[in-house]
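Trainee: fold the following for me, if possible:
(chains A and B)
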Amino acid sequence: SQQGEEDPQALSIQEGENATMNCSYKTSINNLQWYRQNSGRGLVHLILIRSNEREKHSGRLRVTLDTSKKSSSLLITASRAADTASYFCATDYSGYSTLTFGKGTMLLVSP
Amino acid sequence: DVKVTQSSRYLVKRTGEKVFLECVQDMDHENMFWYRQDPGLGLRLIYFSYDVKMKEKGDIPEGYSVSREKKERFSLILESASTNQTSMYLCASSLQGAPSYGYTFGSGTRLTVV
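Mentor: Residues are numbered from 1 along each chain as shown, chains lettered A, B, ... in the order given. Okay, the predicted model is just below:
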C-alpha cells in the first residue's frame, strides 16, 4: 500500500496552543492534501500542496512539504475547541486523481 | 452549497442480503469514489468512476460492485452482505483536472451487517 502515515496518532492540547501533525509517504506524488473529519461525519478538504511547492498557508493553517524526505506537516495556529477532529493526509501519486489516505491524527483541543 | 448526498445515515442488514448504497452529487463532477473507513485502517478505496458507465477497481473491490448510469449518481452494491463488511462507507466526488478543490465527501453511511 502507498498509504501515508500520520504522526502522532493522537494529540491533546489547550486552546490557543499550536498543533502540528506530520505525514510521511512512500512514493513520488503529484500533490498532497489534508482533510478534517468531525466525529462520525464525512471528510472536509482543507488544503492542497503540489509536489513543486514547499509551503502553503490558508488562514490558521500552514502546510509544508519536503519531497526529499517524503514528508509533510500541518500546523494549526492558535487552536480552538472547534478544531477538535481527526486530520488526514492524502496523497495523489497515480496521476489518476485517486487519493490514498493515511490513518489520521486525532486532535483534541481543550478549552 | 455543493453537496454529496448519501441516501442513508445508518443501515442494518442481514448476512446474505444484497445491499445498495446510493450517492448523489449536484456539482457536475466527473469523478466519484467509494471508500470504507475502519478503526485502525483508515480509509480504503473500493471503486471509483471517471465517467458515466465507467468503473475502476480500487484497493479492496472484493465483495462489491458499482453502478454509474447517470453522471450524478454512483451506487455501491454489496452482492451478498457479510459481517466483515460492517463499516462506515464514504462517497466522494471531484472535478476532473482540478485537484486544488480536493474531494467533496458525503456524510457517510454506517452499515451494520448482522
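
Trainee: ok, residues contacting the helix or strand of chain A with the lowest mean pLDDT?
Mentor: Lowest on mean pLDDT, DSSP states H and E among the helices and strands of chain A sits strand A:5-7, with a mean of 86. Contacts of strand A:5-7 from elsewhere in the structure, counted by Cβ atoms under 8 Å, 6 or more residues apart in numbering or on different chains, are A:21, A:22, A:23, A:24, A:25, A:87, A:88, A:89, A:102, A:103, A:104, A:105. C-beta: built from backbone N, CA, C; applies to glycine.

Trainee: which residues touch the residue of chain B positioned farthest from its centre?
Mentor: The C-alpha centroid of chain B is most remote from residue B:100, which lies 21.5 Å away (Cα atoms, centre = their mean). By Cβ under 8 Å, 6+ apart, the residues touching residue B:100 are residue A:48.

Trainee: need phi/psi at it.
Mentor: phi -60, psi -30 (degrees, to the nearest 10).

Trainee: same deal with residue A:22?
Mentor: Residue torsions, per degrees, to the nearest 10, at residue A:22 are phi -120, psi 150.

Trainee: so residue A:35 touches residue A:43, yeah?
Mentor: Yes: using Cβ atoms under 8 Å, residue A:35 makes contact with residue A:43 at a distance of 4.2 Å.

Trainee: more neighbours, the two?
Mentor: residue A:43 (30 against 25; other Cβ atoms under 10 Å in any protein chain shown).

Trainee: distance check, the more buried one against residue B:54.
Mentor: With distances taken as Cβ to Cβ, to the nearest Å, residue A:43 is found 24 Å from residue B:54.

Trainee: so the nearest residue to residue B:23 once chain neighbours are set aside bridges to which residues?
Mentor: Spatial nearest neighbour of residue B:23, excluding adjacent residues (Cβ to Cβ, 6 or more residues apart in numbering or on different chains): residue B:91 at 3.4 Å. Beta-bridge partners for residue B:91, by DSSP bridges, are residue B:34.
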